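Asks: Predicted model follows, preceded by the sequence.
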Amino acid sequence: MTGELRRLEETALEELRGVTSTEGLEGWRIAYLGRRARLTSILRSVGHLPAEQRPTAGQEANRVRLALEQAYHEKVEALRREEVSRQLREEQIDVTLPGRLVEPGYLHVITRTLRDIYAIFAEMGFQVLETPEVETDVNNFQLLNIPPFHPARDMWSTFHTTREGVLLRTHTSPGQIRAMRAYCPGPIRVILPGKCYRYEQVTARHESMFYQVEGLAVGYHVTMGDLKGVLTNFARKMFGAERKVRFRCSYFPFTEPSAEVDMDCIICQGQGCRVCDFTGWVEILGSGMVHPQVLRNGGYDPSVYSGFAFGMGPERVAMLKYCIDHVRYFYANDLRFLQQFA
Ligand SMILES: [Zn+2]
């Protein structure tokens, strides 16, 4: 029996040296250490041997079993190491390859236009003042000379909240009241940018949500001449030094006198085209001298102080500057449009 055990051990170890995979190793384990392996049946049969042969045969069989088990465990470890180094070899990272670039974001065209507007007015000493989008009826209308029965309210239909007298502002003009009440009786030079809301039909030139930039200057001896100078300078800084500007009489409840400001069409240089309705002029903003009652509502005595105000739509400014023909492009989140301003 010891002879058979020796031969078994040799064959097994010889075969194990040839094993190169985990599957092969498992086959080897079943063949030499499994329940049906020759070694297992030898171990089982030791008990049936004559008493004087049992110790030697038992010892030898156990030695071979331990030797095979140890060889098996060493092989498991060797295969594992080989696998790891193979992976390291095959899956190594080439650090010299260029990385995947993360595309940097960029500013929305309206944000850029707003910043251009801020920069131009900052040069003229105007600060940016942000005021709330949710306003009271009093600030949005009444203190701006638009009492509940006033026909001008038809132009400013808005979204109302569930709280009586609280609404989404229809223009940035209530910011004038807030600025005056915050700074009275000091001088004021602010621009008030922000979102406004109107409940109205969406067209090529109107959205239900849009931006406005309001401007307000209050102090001693502020005149219509200051208003014209500031707005002409703005138009030329924004659209080019050769721009011509005209002031056209208009009406707003909160300014007196009031004027619309037109600029010669930058598309056709004043010759007349579709954008300017063949007039050669495009309207860029509304303006006027602050109405005495509005000054009073803000805390200023109109016999001592005067001021001017204006309001413009940055969407309109961007449409003219970049020749965009539909206001809805701005907020439709279409990358084909937005990426043109990257
Ligand atoms: Zn034109």
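Replies: Good, I have the coordinates. Residues are numbered from 1 along each chain as shown.
Asks: measure the spatially most central residue of the chain to the ion for me?
Replies: Geometric centre of the chain, nearest residue: Gly105, 8.0 Å, by Cα atoms, centre = their mean. Distance of Gly105 to the ion, given as Cβ to the ion, to the nearest Å: 34 Å. C-beta here means a position set from N, CA and C on the backbone, and glycine is covered the same way.
Asks: Please apply the same query to Arg336.
Replies: 26 Å.
Asks: Ala122 now?
Replies: 30 Å.
Asks: repeat for Glu4
Replies: Counting by Cβ to the ion, the separation of Glu4 from the ion is 108 Å.
Asks: Use 27 as the first number for this chain going forward.
Replies: All set: I'll call the first residue 27, so the last point we hit is now Glu30.
Asks: Number of residues surrounding that residue?
Replies: 14 (other Cβ atoms under 10 Å).
Asks: hmm, back to that, just confirm the residue nearest to the centre of the chain is within a helix.
Replies: No: Gly131 is assigned coil when assessed by DSSP: H, G, I helix; E, B strand; the rest coil, not a helix.
Asks: Using the three-state scheme, assign the residue in the stretch 77-226 of the chain that the ion sits nearest to.
Replies: Per Cβ to the ion, Thr139 is where the stretch 77-226 of the chain lies closest to the ion, at 19.9 Å. When classified by three-state DSSP, Thr139 comes out as helix.
Asks: tell me which element the most far-flung residue of the chain relative to its centre falls in.
Replies: The centre of the chain is farthest from one residue, Glu78, which by Cα atoms, centre = their mean lies 88.9 Å away. Element membership for Glu78 (DSSP states H and E) is empty, with no helix or strand holding it.
Asks: Give me the distance between it and Gly84.
Replies: To Gly84, Glu78 is 12 Å away according to Cβ to Cβ, to the nearest Å.
Asks: Kindly report the same for Leu34.
Replies: Leu34 is 15 Å from Gly84, by Cβ to Cβ.
Asks: Settle it for me: which of the two has more neighbours?
Replies: The neighbour count for Leu34 versus Gly84, taken as other Cβ under 10 Å, is higher for Leu34 (18 against 15).
Asks: Please report phi then psi for that one.
Replies: When read as degrees, to the nearest 10, the backbone of Leu34 gives phi -60, psi -50.
Asks: all strands for the stretch 127-276 of the chain, in order.
Replies: Listed in chain order, the strands of the stretch 127-276 of the chain (DSSP state E, counting those that start in this stretch) span residues 153-154, 160-162, 192-194, 214-223, 235-245, 271-278.
Asks: Packing partners of the fifth one?
Replies: So that's strand 235-245. If contacts are counted by 3 or more Cβ pairs under 8 Å, 6 or more residues apart in numbering; DSSP states H and E, strand 235-245 sits against helix 135-149, helix 200-209, strand 214-223, helix 250-265, strand 332-338, helix 340-348.
Asks: angle of that strand against helix 250-265?
Replies: Inter-element angle recorded for strand 235-245 and helix 250-265: 140 degrees (by axes from the mean of the first three to the mean of the last three Cα atoms, to 10 degrees).
Asks: So what touches the lowest-mean-pLDDT helix or strand in the chain?
Replies: Lowest on mean pLDDT, DSSP states H and E among the helices and strands of the chain sits helix 64-71, with a mean of 83. Contacting residues not belonging to helix 64-71 are listed as 27, 30-31, 34, 58-60, 87-88, 90-91, 94 [Cβ atoms under 8 Å, 6 or more residues apart in numbering].
Asks: repeat that with 6 Å
Replies: Applying Cβ atoms under 6 Å, 6 or more residues apart in numbering, the contact partners of helix 64-71 are 87, 91.
Asks: Tell me the buried residues in that helix?
Replies: For helix 64-71, a neighbour-count test (16 or more other Cβ atoms under 10 Å) marks 65, 68-69 as buried.
Asks: which is the next helix or strand following that helix?
Replies: helix 80-116.
Asks: Quick one: mean pLDDT over that next one.
Replies: Here the mean pLDDT over helix 80-116 is 88, rounded to a whole number.
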